[in-house]
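Novice: sequence unknown, structure follows:
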């Protein structure tokens, strides 16, 4: 955990990262009832702040204390939680909305599902394996995200080519789904 935190702290101190909320979050957040939202691997909070401004009570979880301090400076009303997601206790049946942007830990999928209330909305977008991927563990396979949440009502799914913030080519998958049972 300490090694991961130090690596991410360094990244947040040295890189210019996007500040605008993700397009998929802007497009689909309104499917969720107002209430509690969870931003997984929130970073400096671009999506957390957006959701807070739209009326959600936001829990922003990240391993980087540097990133969460930046978020707290921007919006002190957001509940920041510094935690290694491998050890984070997801509250059960607690959230109207869960977002997971640019992060993948397959072990969290059952916990994410359980943390949503009935009719809760999931917005999930992350990278799909391509030729430029350095390690395969943190990338989805084609259509994998769709299959991981096949037990939800899928509202939107897309795989598309894009550019990373550093200009490299990337392939991403976006999914918006509702927990119906």
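Specialist: Good, I have the coordinates. For clarity, every value in this text was computed on a predicted model and none was experimentally measured.

Novice: so where's this structure uncertain?
Specialist: Across the chain, residues meeting the criterion (pLDDT under 70) sit at 1-2, 4-5, 7-15, 17-18, 131-134.

Novice: where along it do the strands fall?
Specialist: With DSSP state E as the criterion, the chain has strands at 36-40, 57-62, 79-82, 95-101, 116-128, 153-163, 169-178.

Novice: contacts for the first one next, please.
Specialist: Translated: strand 36-40. 45, 47-48, 51, 56-61, 85, 90, 94-101, 103, 108, 112, 115 (CB atoms under 8 Å, 6 or more residues apart in numbering). Where C-beta positions appear, they are placed from N, C-alpha and C, glycine not excepted.

Novice: can you add mean neighbour count and distance to residue 23 and give the strands of the chain back as CSV?
Specialist: Output for those, formatted as CSV (neighbours: other CB atoms under 10 Å; distance: least, CB to CB, whole Å):
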stretch, mean neighbour count, distance to residue 23
strand 36-40, 26, 16
strand 57-62, 23, 19
strand 79-82, 17, 24
strand 95-101, 25, 10
strand 116-128, 21, 9
strand 153-163, 13, 10
strand 169-178, 20, 9
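
Novice: kindly reformat those as CSV containing distance to residue 68.
Specialist: Below are the strands of the chain laid out as CSV (distance: least, CB to CB, whole Å):
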stretch, distance to residue 68
strand 36-40, 11
strand 57-62, 6
strand 79-82, 4
strand 95-101, 16
strand 116-128, 20
strand 153-163, 26
strand 169-178, 25
